[in-house]
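A.B. asks: Whatever this is, show me its structure:
(2 chains)
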Amino acid sequence: MIYVLYSIVLVICVYTGRHYFFTLNRLFGFQRHPYIDIDTADWPPVTVLVAAHNEEKVVANILDALMTVKYPEDKMLVIPVNDRSTDRTREIIDKFVEAFPGRIQPFHRVGGKGGKAAALKDAMELVSTEVILIFDADYIPGAGLIKQLVAPFFDLEVGGVMGRVVPLNAGTNLLTRLLDLERSGGYQVDQQARMNLRLVPQHGGTVAGVRLSALREIGGWNDNSLTEDTDLTYRLLLNGWKTVYQNRSECYEEVPEVWRVRIKQIMRWAKGHNQAMVTYGLHLLLGKHRATLRERIDGTLLLGVYAMAPITLVGWALALGVFYQGIAPLHGVIALLSLTAYAALGNLAAFFEIAAAARLDGTSNRIALLPFLILGFAVSIFSVSRAAFSQVSDLVTGAEFHWDKTERFRKVL
Amino acid sequence: MNPYLAVAALLLMVTVMLMLPLVPALVELFRKSDALPLKVVQENAGEIRHFANGFRDYIKRLEPTLQRCVADGTAATGSLPDGEEYVVLGRADEPLVAALQQRDATHPVMMAAGIDLIVPPSGTFSRDIYAGGQFIGGEQNNYRAILGEINVHLGASSRVMRWVHAVGEFSADLGCRLYGRISSDSLIRLNGECSFLRMNAPRIEIGSMATNSDTPPSIYPASKDPAPSKRFLHDGDFDVQAGEVIGGNVVIRGNLHIRSGARICGSVKSTQDMVLEDGVSVEGSLISARKMLVGPNCMVHGPIVAERELRIATGARCGTLEHPTTVSAPRIEVEEGVLVFGTLWAREDGQVVARQ
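C.D. replies: Model prediction:
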């Protein structure tokens, strides 16, 4: 038992070190934004896919925004992917098609497999451009965003691009404020540090782009994946393509305003991520492919982030067991256990990351909410662990995953 | 002391101490002093002319005064509603301009001229300048910002702190320091030893040009889509031989050396240093994760990006008039005789250097 605990301690220490390393890199290291200055070019044709499943509350906002972006009109085609919506989504999209002839080509999907990846896969029959951008329907792209997301594709090594997500409803309640801080840490520090260090920035599946030839080379969208973005990141990496992160390509999104929705969302992410870990983990670390050593290590650690929640829970249980069994670990290991208690009880290194992100964002008083992140962390650790355990039990019982769409909170126009 | 009271006091104290770190959090949660979404630039697209356009809108309220002064051949002074003091010139008045220059340190004013504006040397203008006619600056002047409706010319060793936009041509004599955004709707011409950061114009000439050809004859036409063809991916250093023609995209995970006269009918990426020798032509983009040298008489159609340093040798052409492009790196050295169509952007330092 004690050796299992030692292993868990070691893994947690690795993740703690990783968080600190990323934060220090972001604060003091060389910052890579190689493509952000490309403001003049012979811009390529681009297709913008907008994934929409029952999005009557938000779909008009994004279509409105896309019709006003600064990108040559004759080179941009918007395809709203209306995935079996039962609300007014179709009607709203069709009104836009009428108002902007030739600029929007709707894809109304009435049947088929559930999930975003399956919908995008079907919509590919309408796509012929080399550059594809993807947005979820609750996003509101700014005027310069399309050019910023297209610019990295002038680099032939780049297969995927990811921009930064910024919550628009940040001030609604405690949950949205905590998610705002979490997003800040995740993008401003974590993703950008991975970009700086040439590691594995993660494709987020929205405010994102993918190269058609790369997508074809890796076999297209994987509709068996629960998180098509994580799946895409790893298949691109294993096939010699890079995903790059553009921290200054920012876009507003809507974050969940109630805990129930947040829990469902994070459980889905956890299941998808764990699925990718099982599918690609071993091959990424030890297989024969073009990823560099640092990409192999970082990619593996990234795949394991959602597995850390159940591992931490098990660690806590083992630590209690060791205590009550009266096992006295070596003195050095006691020190290590202390570090574990420090790092695991709230994963404070991640909080350090978030604090640094708030500073980099130039915010003032929102950082005062940092202690409340313990609450968000507690909810996450139990939700993610629950997702992992249910995933294992589903595997045993053969139960199928039910796709839960994230509920929207914006008022209908 | 009553032991129950002591325990209660201890519990209370511990609770207070535990809650103490949460006090600022609770205050912020209820006061919501910093609860707005992070600011995301939604409207402008990082357009280089953003400040110039803003200034043009700002100065519109002076238009009647400008027209009247030009018609009467007079000058006028006053303040805008925000308290900004101005001088409007309706005739050439070098003594007045010289006087404004002299008192700038103590009493700076915004200057708007409806006619050609000729500025004496060795002065400072710490407020924005508007020139409805030509703007001709003397040597060793310091400017904050200039909007010129026709041509703008800066004398040798002048400095610009924020931006210049010329509807006509912009030119800077020897040794000018251009710290902000420089844009023109027709042409930018920089002479030797100038430094720059961000410039945009349909045509940017560095030093005197050997040829005035806008579209080099040997460059390939622009493709409709970037990199539709397959890429050649190589791990390790790589040499493209002199005169070799490569009909596709090239990605090298190492150093890349493209020898004289080679032609790449696609885009090129190197994860380390990249050297283009004399007369190389590239139809697509050139991206290097470290240093890049674009040799003499090279022709590149697409964007050029070096993540560390870039040197462009004399005779090189970047982009075409029909297909402008971006040349970008933290540090750029451009030899005299280089022609760029579009944007030339040095994040940290850009220098015009003598031909080698």
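A.B. asks: show me where the stretch 101-250 of chain B has helices.
C.D. replies: Remark: no helices are assigned in the stretch 101-250 of chain B by DSSP state H, counting those that start in this stretch.
A.B. asks: Could you tell me which residues of the stretch 51-200 of chain A lie near chain B?
C.D. replies: Neighbours of chain B within the stretch 51-200 of chain A, by C-beta under 8 Å from any C-beta of the partner chain: A:69-70, A:129-131, A:140, A:142-144, A:147, A:151, A:153-157, A:166-171, A:174, A:177, A:180, A:184. All C-beta atoms are positioned from the backbone trio N, CA, C, and that covers glycine.
A.B. asks: Tell me which of those residues fall in helices.
C.D. replies: Among these, the members falling in helices (DSSP state H) are A:Lys147, A:Leu174, A:Arg177, A:Asp180, A:Ser184.
A.B. asks: For those, pick the one with the most neighbours.
C.D. replies: Most neighbours among these, by other C-beta atoms under 10 Å in any protein chain shown: A:Ser184, with 29 neighbours.
A.B. asks: shouldn't it be in contact with A:Ala358?
C.D. replies: Yes: using C-beta atoms under 8 Å, A:Ser184 makes contact with A:Ala358 at a distance of 6.1 Å.
A.B. asks: Report how many residues lie close to the residue of the stretch 151-300 of chain B found nearest chain A.
C.D. replies: Residue nearest to chain A within the stretch 151-300 of chain B: B:Ser285 (4.1 Å; C-beta to the nearest C-beta). B:Ser285 is flanked by 28 other residues according to other C-beta under 10 Å.
A.B. asks: For it, which non-adjacent residue is spatially closest?
C.D. replies: Nearest residue to B:Ser285, sequence neighbours excluded (C-beta to C-beta, 6 or more residues apart in numbering or on different chains): B:Gly302, at 3.5 Å.
A.B. asks: shaky segments in the chain?
C.D. replies: Chain wasn't specified; assuming chain A. Counting by pLDDT under 70, the ranges of chain A that qualify are A:328-347, A:401-405, A:410-413.
A.B. asks: Switch to chain B, please.
C.D. replies: Within chain B, the segments meeting pLDDT under 70 span B:44-45, B:210-229.
A.B. asks: Pick out the residue nearest the middle of it.
C.D. replies: B:Arg198 (1.5 Å; C-alpha atoms, centre = their mean).
A.B. asks: pretty sure it is touching B:Arg181, no?
C.D. replies: Yes: B:Arg198 is within contact range of B:Arg181, at 5.0 Å (criterion: C-beta under 8 Å).
A.B. asks: what bridges to residue 251?
C.D. replies: No chain in the question, so chain A it is. Beta bridges link A:Cys251 to A:Pro141, A:Val165, judged by DSSP bridges.
A.B. asks: To clarify, I was referring to chain B.
C.D. replies: B:Leu233, B:Lys269.
A.B. asks: How about the contacts made by it?
C.D. replies: Going by C-beta atoms under 8 Å, 6 or more residues apart in numbering or on different chains, B:Val251 touches A:Leu156, A:Glu157, B:Arg231, B:Phe232, B:Leu233, B:His234, B:Val268, B:Lys269.
A.B. asks: I'd say the third one and B:Asn249 touch.
C.D. replies: Yep, that's B:Arg231 we're talking about. Yes: with contacts counted by C-beta under 8 Å, B:Arg231 reaches B:Asn249, the gap being 4.1 Å.
A.B. asks: joint contacts of those two?
C.D. replies: A:Leu156, B:Gly266.
A.B. asks: and these two? which has more neighbours close in?
C.D. replies: Ranked by neighbour count (other C-beta under 10 Å), B:Arg231 and B:Asn249 place B:Asn249 first, with 25 against 20.
A.B. asks: So the more buried one versus A:Leu212, what's the distance?
C.D. replies: Computed as C-beta to C-beta, to the nearest Å, the B:Asn249 to A:Leu212 distance reads 14 Å.
A.B. asks: Quick check: neighbours shared by the two?
C.D. replies: With C-beta under 8 Å, 6+ apart as the test, B:Asn249 and A:Leu212 reach no residue in common.
A.B. asks: what about the nearest residue to B:Ile150 once chain neighbours are set aside, neighbour count?
C.D. replies: Excluding the flanking residues, the one nearest B:Ile150 by C-beta to C-beta, 6+ apart is B:Gly168, at 4.4 Å. Per other C-beta under 10 Å, the neighbour tally for B:Gly168 reads 17.
A.B. asks: okay but B:Gly168 is in contact with B:Ser186, surely?
C.D. replies: Yes: here B:Gly168 reaches B:Ser186: they are 5.8 Å apart, a contact under C-beta under 8 Å.
A.B. asks: quick one on the thing from earlier: tell me the spacing between the residue nearest to B:Ser285 and A:Met76.
C.D. replies: 19 Å.
A.B. asks: Just want to know which of these two has more residues nearby.
C.D. replies: Just comparing B:Gly302 and A:Met76: by other C-beta under 10 Å the higher neighbour count belongs to B:Gly302, 27 against 21.
A.B. asks: how would you label that one: helix, strand or coil?
C.D. replies: Classification of B:Gly302 using DSSP: H, G, I helix; E, B strand; the rest coil returns coil.
A.B. asks: For B:Glu283, see how far away it is.
C.D. replies: In terms of C-beta to C-beta, B:Gly302 sits 7 Å off from B:Glu283.
A.B. asks: so what's in contact with those two at the same time?
C.D. replies: With C-beta under 8 Å, 6+ apart, B:Gly302 and B:Glu283 have common neighbours B:Ser267.
A.B. asks: residue contacts, A:Thr206?
C.D. replies: Counted by C-beta under 8 Å, 6+ apart, A:Thr206 has contacts A:Ala51, A:Ile134, A:Phe135, A:Asp136, A:Tyr139, A:Val165, A:Asp229, A:Glu253.
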